[in-house]
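> predicted model, plus sequence, below.
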Amino acid sequence: MKLSTFLLAAVSAASASANLLSDFTGASQQVAITEDLKVPGSNPLAFCQDPADNILTIEEVDLSPNPPEAGKTLSIEATGTLHKDIEEGAKVRLQVKYGLITLIKQEAPLCEYVKEVNLECPLKKGDLKLTKDVDLPKQIPPGKYTVLADVLTKDEVKITCLTATVMFHR
């Protein structure tokens, strides 16, 4: 199997911030990042809270380049373990901010995102691996972007929640 549900959230966040789309449905909260919540690997990601009870255990996420750069291809490699099957109806709550300005605030079906990596729901429990390339446009305005991706089952049980802050330079 090639997917970590977390990675879907990360890929979704990277794709969304790259495209700077805006759809203001759903709700999310900003969170403070502490070093003990950092996602293992070469990445700017952190867990929103202690991930001990999450359905997805993320072992490592590597981004290249890290940090992401406008006009370059962002390669994402991640591994993890899904502790339960994930059924149709799971969702991703995504928020992307540029400084203090909210660019994206949306809730979307997780099963739509898994199609981007050639998978279908239900996602089966077990070890997962994801490799994904995302072309970031040159036109990303320079500045600080904050991304929050909260992934939940159809019954609102936490699959994972990730946040990242990325600076794009000229």
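Sure, I can see it. Note that the structure is a prediction, hence the values are computed from the model and not measured.

> so after the one helix or strand A108 maps to, what's the next helix or strand?
For A108, the element it lies in under DSSP states H and E is strand 101-109. Once strand 101-109 ends, the next helix or strand along the chain (criterion: DSSP H and E) is helix 110-114.

> so what does that following helix touch, helix or strand wise?
Applying 3 or more C-beta pairs under 8 Å, 6 or more residues apart in numbering; DSSP states H and E, we find helix 110-114 packed against helix 5-19, strand 91-98. For every residue, glycine as well, the C-beta is placed using N, CA and C.

> least confident of these, on average?
Looking at those, the lowest mean pLDDT belongs to helix 5-19 (a mean of 41).

> one step back: quick one, the strand holding A108 and strand 91-98 angle?
Here strand 101-109 points in a direction 170 degrees away from that of strand 91-98 (axes from the mean of the first three to the mean of the last three C-alpha atoms, to 10 degrees).

> for the helix or strand where K132 lies, buried residues please.
For K132, the enclosing helix or strand under DSSP H and E is strand 126-135. Within strand 126-135, the residues scored as buried using 16 or more other C-beta atoms under 10 Å are 128, 130, 132, 134.
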